[in-house]
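Chemist: One predicted model, sequence on top.
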Amino acid sequence: MQTGRQQPGAEDEKAEQAAEQNTLLQPKPTIPSRQYASFLEDFVDPVLPPGTRVSKWLESVGSDRGNRCRSDSHLQHSRDNPISRKLTKSAPATNHTLDTDGFAAPLTPVPAGPGPYQTPYPESVAPLDISNTTPSSGRSRSLVEDLIYRDANLAENHIYMRSLGEQFPDHITGLLDDVRKDRNSPGPSLDQVSQDAALNELWMGAGDSDVEQYFRTNVFPYPTPSDGLKRCDRQPMARHTVPNIGAKLKISNPVPDMLYGYPRNGAFTRPQQAQFNSMGNIMVANSQNLIYPFFAIEFKGDGPSGGGTMWVATNQCLGASVSCVNTAERLNHQLRNCGSDVIEPVDSAAFSIAMSGTEARLYVSWKHNELEYYMASIENFLLQKPADYIEFRKYVRNIIDWGKDKRLTDIRNSLDILLEESRKRTSEAAKSRRPPSDGSATSNGKKHRS
């Protein structure tokens, strides 16, 4: 009986031993004094209530930004918005990601939307209403580089670029016939041009200064005092030369790379210079005392050292050439108002060239009516083609000859007319102030006594 009663107890002891063996095979993890290995400390978040996690995250956004690398802001820009909203001048207000220093991160251009200005601009162009600084270089953009400068600023001031193929006015057609004429003076031969190593080097790529230096030496002459001409290089034109109708959008102040006009002393007589003094400074184009300019040139490089665009150079030609026209038109305005019966208006047309080391674009500008100024293309030249190069040089020399001959003669004649009318007015004013003669005074006295 006892043996039978003890059998179940033995079985229980065996079961307990088996359980203990299982426990040893799968022991409970012991909790160490440090909850995690030291090298994992920075990667494990403490268990916090959900609200505390959000608060901690918001507090940490600004505190650890200085420790992140720049690539962090690009990788996490969609979640890292609590960056200062105070934008730098070069950063557009919309559609730009800011890096950790608050500068605009480079954008990948996106396809244009339905509107012309609804998408982010390329890095090299800042939005029109935000800034004139290029984000990629930090260089302040000039007004002539603005995307809509020609269609907005110039058009609002009634300055227009004519389309190719439009007919010229008769007086411009006659002028172009003169500057197209062949020259008697010798120039380079076709072989000399084709073997010009410096010219061929420009085709490989050259900066602005290299282009300017070559053509200054070989095409654009520097006038001597006896020529009655003057050339100024990279001098800002006076603000009063630029057409101004009071429009809201302004015209960039021209600073042509080269500008031909006249010296006060070498081109005009002393009486004519005295007439200038009565006219104010309307004939003076810049601080170098250049008088009545007529020919502006803009150079652009194209190569590894960088350079501008011919589109920008053409915008610069528009501003400089119409400023030349405007200056001459002021002389015509004085002629019309002087009261003389013998007036021959000065041809106020002006020429300009936008060129690189491989291409030249020749333009003519004129005042079309009381308000509108036009500029139109005359010819384009590929400068590494010998025939084009020689033709281009011919145009340049003919324009300079026109400026120092016929145009200068017309200006001198106009000044003489103004001077003569001024003398007449002075003489008439003097007669009106002359006191009565002695004889008339005596006669009047005798009549009074009788």
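Modeler: Received, thanks.
Chemist: Low-confidence ranges, the stretch 151-300 of the chain, go.
Modeler: Along the stretch 151-300 of the chain, segments meeting pLDDT under 70 are nowhere present.
Chemist: Ok, the stretch 301-450 of the chain next?
Modeler: 305-307, 434-450.
Chemist: 50 - rerun?
Modeler: 446, 449-450 (pLDDT under 50).
Chemist: For it, just list every one of the helices.
Modeler: Under the criterion DSSP state H, counting those that start in this stretch, helices of the stretch 301-450 of the chain are mapped to 310-337, 386-402, 408-433, 438-449.
Chemist: who's in contact with the second one?
Modeler: Same thing as helix 386-402. The contact list for helix 386-402 (CB atoms under 8 Å, 6 or more residues apart in numbering) reads 175, 178-183, 185, 187-188, 190-191, 193-194, 199, 219-221, 229, 260, 295, 351, 353, 360, 362, 378-379, 381-383. In this view, the C-beta of every residue, glycine as well, is placed from N, C-alpha and C.
Chemist: Which stretch among the helices of the stretch 301-450 of the chain is buried most, on average?
Modeler: Mean neighbour count (mean count of other CB atoms under 10 Å) peaks for helix 310-337 among the helices of the stretch 301-450 of the chain, with a mean of 22.
Chemist: Could you name the helices and strands sitting against that helix?
Modeler: Contacts defined by 3 or more CB pairs under 8 Å, 6 or more residues apart in numbering; DSSP states H and E place helix 310-337 against strand 159-161, strand 290-299, strand 350-355, strand 359-367, strand 373-382, helix 408-433.
Chemist: Could you rerun that using 10 Å?
Modeler: strand 159-161, strand 258-263, strand 290-299, strand 350-355, strand 359-367, strand 373-382, helix 408-433 (3 or more CB pairs under 10 Å, 6 or more residues apart in numbering; DSSP states H and E).
Chemist: a markdown table please, covering the ones you listed and showing distance to Ile399.
Modeler: Shown next, in a markdown table, are the helices and strands packed on helix 310-337 (distance: least, CB to CB, whole Å):
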| stretch | distance to Ile399 |
| --- | --- |
| strand 159-161 | 20 |
| strand 258-263 | 8 |
| strand 290-299 | 6 |
| strand 350-355 | 5 |
| strand 359-367 | 9 |
| strand 373-382 | 10 |
| helix 408-433 | 13 |
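Chemist: which one of these lies closest to Leu143?
Modeler: With respect to Leu143, and counting by CB to CB, the nearest of the helices and strands packed on helix 310-337 is strand 159-161 at 13.3 Å.
Chemist: immediately after that closest one, which helix or strand?
Modeler: Next in sequence after strand 159-161, counting helices and strands by DSSP states H and E, comes helix 170-179.
Chemist: Now do the buried residues in that following helix.
Modeler: Across helix 170-179, burial judged by 16 or more other CB atoms under 10 Å covers 172, 175-176, 179.
Chemist: same question, stretch 220-230
Modeler: Buried, per 16+ other CB under 10 Å, within stretch 220-230: 220, 223, 227-230.
Chemist: quick check, nearest of the residues you listed to Leu335?
Modeler: The closest of the buried residues of stretch 220-230 to Leu335 turns out to be Gly228 (CB to CB; 21.0 Å).
Chemist: Which one of the helices and strands packed on helix 310-337 lies nearest to Ala274?
Modeler: The closest of those to Ala274 is helix 408-433. By CB to CB, the value is 7.5 Å.
Chemist: that older thread, tabulate the helices of the stretch 301-450 of the chain in TSV, adding columns for distance to Asn244.
Modeler: Compiled in TSV, the helices of the stretch 301-450 of the chain are given as follows (distance: least, CB to CB, whole Å):
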stretch	distance to Asn244
helix 310-337	9
helix 386-402	27
helix 408-433	23
helix 438-449	53
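Chemist: For Gln195, give me phi and psi.
Modeler: In terms of degrees, to the nearest 10, the main-chain angles of Gln195 are phi -100, psi 10.
Chemist: show me the contacts for it.
Modeler: For Gln195, the contact set (CB atoms under 10 Å, 6 or more residues apart in numbering) comprises 188-189, 386.
Chemist: Out of the residues you listed, which is nearest to Lys431?
Modeler: Pro188 (62.4 Å).
Chemist: Excluding residues flanking it in the chain, which one is nearest that closest one?
Modeler: Nearest non-adjacent residue to Pro188, counting by CB to CB, 6 or more residues apart in numbering: Ile390, 6.5 Å away.
Chemist: With Leu419 instead?
Modeler: Closest to Leu419 by CB to CB, 6+ apart is Gln275, at 4.7 Å.
Chemist: Pretty sure that neighbour sits in a helix.
Modeler: Yes: under DSSP: H, G, I helix; E, B strand; the rest coil, Gln275 sits within a helix.
Chemist: OK, contacts around it?
Modeler: Counting by CB under 10 Å, 6+ apart, Gln275 has contacts 268-269, 283, 334, 414-422.
Chemist: State the pLDDT value of Asn81.
Modeler: With respect to pLDDT, Asn81 has a value of 42.
Chemist: Just the terminal-to-terminal distance for stretch 235-246.
Modeler: The straight-line separation of the ends of stretch 235-246 (CA to CA, to the nearest Å) is 25 Å.
Chemist: Would you mark the buried spots in that stretch?
Modeler: 235, 237-238, 241-243.
Chemist: Contacts for that stretch, please.
Modeler: Contact with stretch 235-246 is made by 154, 156-159, 250-259, 280-288, 290, 293, 296, 319-320, 322-327, 329-330, 367, 371, 373, as judged by CB under 10 Å, 6+ apart.
Chemist: thinking again about what came up before, any idea how far the residue nearest to Leu419 lies from Arg330?
Modeler: 13 Å (CB to CB, to the nearest Å).
Chemist: One more: Ser356?
Modeler: For Ser356, the distance to Arg330 - CB to CB - is 33 Å.
Chemist: cool, and Glu372?
Modeler: Distance from Glu372 to Arg330, by CB to CB: 17 Å.
Chemist: Same question for Ser278.
Modeler: On the measure of CB to CB, Ser278 and Arg330 end up 13 Å apart.
Chemist: Restricted to helices, list the buried residues of stretch 235-246.
Modeler: The members of those all map outside helices under DSSP state H.
Chemist: List just the nearest of the buried residues of helix 170-179 to Gly308.
Modeler: Of those, the one sitting nearest to Gly308 (CB to CB) turns out to be Val179, at 26.2 Å.
Chemist: can you put the contacts of Gln275 in JSON lines and add distance to Tyr214?
Modeler: Output for the contacts of Gln275, formatted as JSON lines (distance: CB to CB, whole Å):
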{"residue": "Phe268", "distance to Tyr214": "33"}
{"residue": "Thr269", "distance to Tyr214": "37"}
{"residue": "Met283", "distance to Tyr214": "32"}
{"residue": "Gln334", "distance to Tyr214": "41"}
{"residue": "Ser414", "distance to Tyr214": "37"}
{"residue": "Leu415", "distance to Tyr214": "37"}
{"residue": "Asp416", "distance to Tyr214": "41"}
{"residue": "Ile417", "distance to Tyr214": "43"}
{"residue": "Leu418", "distance to Tyr214": "42"}
{"residue": "Leu419", "distance to Tyr214": "43"}
{"residue": "Glu420", "distance to Tyr214": "47"}
{"residue": "Glu421", "distance to Tyr214": "47"}
{"residue": "Ser422", "distance to Tyr214": "47"}
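Chemist: Cool, thanks, talk later.
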